[in-house]
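Engineer: Starting from these lines, generate the structure:
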Amino acid sequence: MFSEKRSNVLHGILLIALFSCSAFYIAEFPFVKNLSFSPLIVGIILGMIYANSLRNHLPETWVPGILFCTKQVLRAGIVLYGFRLTFQSVVAIGLPAILIDTIIVTATIFIGLFVGRLMKMDRDLALLTSTGSAICGAAAVLGAEPVVKSEPHKTAVAVSTVVIFGTLSMFIYPAMYRSGILDLTPEQMGLYTGSTLHEVAHVVGAGNAMGKEISDTAIIVKMIRVMMLAPVLVIMSLALARTAVKAVSNGVKGADVAKRGKITIPWFAFGFLAVIGFNSFDLLPHAVVDGINNVDTFMLTMAMTALGAETSIEKFKKAGAKPFILAAVLYIWLLGGGYLLAKYLV
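Structural biologist: As a prediction, the model looks like this:
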């Protein structure tokens, strides 16, 4: 039974790997190069085409393998991405990144809760959607779920909204930058991208489409933002404590209060920093580092392809009107507010 499950997971992984190989091949087409579409972006497009066509004709048992690529492969890819960076580059970015990330995360959550209240949205759904938009998309939503203790369908709706807008950003940001609309320096664009895009994978995809200089800055800024998930969840659990206590007085057992305080920390962020630290000593030959980076690019392409494979039309419909409107309002804030912060605080 165990070997059968492992085989099913392998089928899903091999499917994504096949799509990823195709993404690398298509990315070499002249017209695709002219659009500055990296294999990562091509991969997510192929994944979305699959999600809305062949997905229903292939075994559901392959899904765990696809999900494995969206989580474990993505996290491993981000950890290995540290071989592209050094702490010297982190220090060069410095205080502006931390300041902008702090403002973005704090303001986005409060704006989301305020707008959600105005629209009379479900509080848990508004909180999950706001957290996903503020920090790191689906990963933040899934990290907040054990604290919020919401129903599974609310988590799914929140994830679908941030995936939609994060995916759009992967195409909009490079287009705006190349057209000159934003009028930002590469450093400012990296800060803007890393502090406002939803998913780590989206930042990687958009950053790669705009060049290494922007991508490196964007990833560092994004990882600083991802690491803010831990303190945000601590504060969130404390803020929800009053509600939990009231629930206990209404007959809910104390064990449920403890569950609300459970914290999910993105350990891959610390692995990413550890690899940067190791790479800062320049101990490995450049040929080895280049090889690792090539493997890493393929892993990130697999993660992007798998993310696309989980973005079906049905998930768009499941988002509903109110959470979609809330996510749109937050997206407008991230586009406008993030631009002003990157433009005038750097």
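Engineer: and the longest helix seen in the chain, what does it pack onto?
Structural biologist: Identified as the longest helix of the chain according to DSSP state H is helix 152-179. When contacts are defined as 3 or more C-beta pairs under 8 Å, 6 or more residues apart in numbering; DSSP states H and E, helix 152-179 sits against helix 39-51, helix 123-134, helix 138-148, helix 186-196, helix 200-210, helix 286-309, helix 313-318, helix 321-344. From N, CA and C alone the C-beta is placed, and that goes for glycine too.
Engineer: Now tabulate the ones you listed in JSON lines and tack on mean neighbour count and mean pLDDT.
Structural biologist: Shown next, in JSON lines, are the helices and strands packed on helix 152-179 (neighbours: other C-beta atoms under 10 Å; pLDDT from 0 to 100):
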{"stretch": "helix 39-51", "mean neighbour count": "24", "mean pLDDT": "86"}
{"stretch": "helix 123-134", "mean neighbour count": "26", "mean pLDDT": "92"}
{"stretch": "helix 138-148", "mean neighbour count": "24", "mean pLDDT": "78"}
{"stretch": "helix 186-196", "mean neighbour count": "26", "mean pLDDT": "94"}
{"stretch": "helix 200-210", "mean neighbour count": "28", "mean pLDDT": "86"}
{"stretch": "helix 286-309", "mean neighbour count": "21", "mean pLDDT": "90"}
{"stretch": "helix 313-318", "mean neighbour count": "13", "mean pLDDT": "69"}
{"stretch": "helix 321-344", "mean neighbour count": "18", "mean pLDDT": "94"}
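Engineer: Of the ones you listed, which is nearest Ile13?
Structural biologist: Counting by C-beta to C-beta, Ile13 lies closest to helix 286-309 out of the helices and strands packed on helix 152-179; the figure is 7.9 Å.
Engineer: quick one: that closest one to helix 138-148, angle?
Structural biologist: Helix 286-309 and helix 138-148 meet at an angle of 60 degrees, taking axes from the mean of the first three to the mean of the last three C-alpha atoms, to 10 degrees as the criterion.
Engineer: Tell me how far helix 286-309 lies from the chain's centre.
Structural biologist: Offset of helix 286-309 from its chain centre (C-alpha atoms, centre = their mean, to the nearest Å): 16 Å.
Engineer: which helices and strands does it pack with?
Structural biologist: Checking 3+ C-beta pairs under 8 Å, 6+ apart, helix 286-309 ends up next to helix 2-26, helix 39-51, helix 63-68, helix 74-80, helix 152-179, helix 200-210.
Engineer: if we can go back for a sec, any chance of the helices and strands packed on helix 152-179 in JSON lines with distance to Leu74 as columns?
Structural biologist: As requested, the helices and strands packed on helix 152-179 are exported to JSON lines (distance: least, C-beta to C-beta, whole Å):
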{"stretch": "helix 39-51", "distance to Leu74": "11"}
{"stretch": "helix 123-134", "distance to Leu74": "16"}
{"stretch": "helix 138-148", "distance to Leu74": "9"}
{"stretch": "helix 186-196", "distance to Leu74": "16"}
{"stretch": "helix 200-210", "distance to Leu74": "6"}
{"stretch": "helix 286-309", "distance to Leu74": "4"}
{"stretch": "helix 313-318", "distance to Leu74": "18"}
{"stretch": "helix 321-344", "distance to Leu74": "21"}
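Engineer: what's the closest of these to Ile98?
Structural biologist: Evaluated over those, closeness to Ile98 peaks at helix 186-196, with 10.2 Å, by C-beta to C-beta.
Engineer: what bits of the stretch 1-150 of the chain have low per-residue confidence?
Structural biologist: Along the stretch 1-150 of the chain, segments meeting pLDDT under 70 span 1-7, 35-36.
Engineer: count of residues packed around Cys21?
Structural biologist: For Cys21, the neighbour count with other C-beta atoms under 10 Å is 16.
Engineer: residue contacts, it?
Structural biologist: By C-beta atoms under 8 Å, 6 or more residues apart in numbering, Cys21 lies in contact with nothing.
Engineer: Sweet, I'm off.
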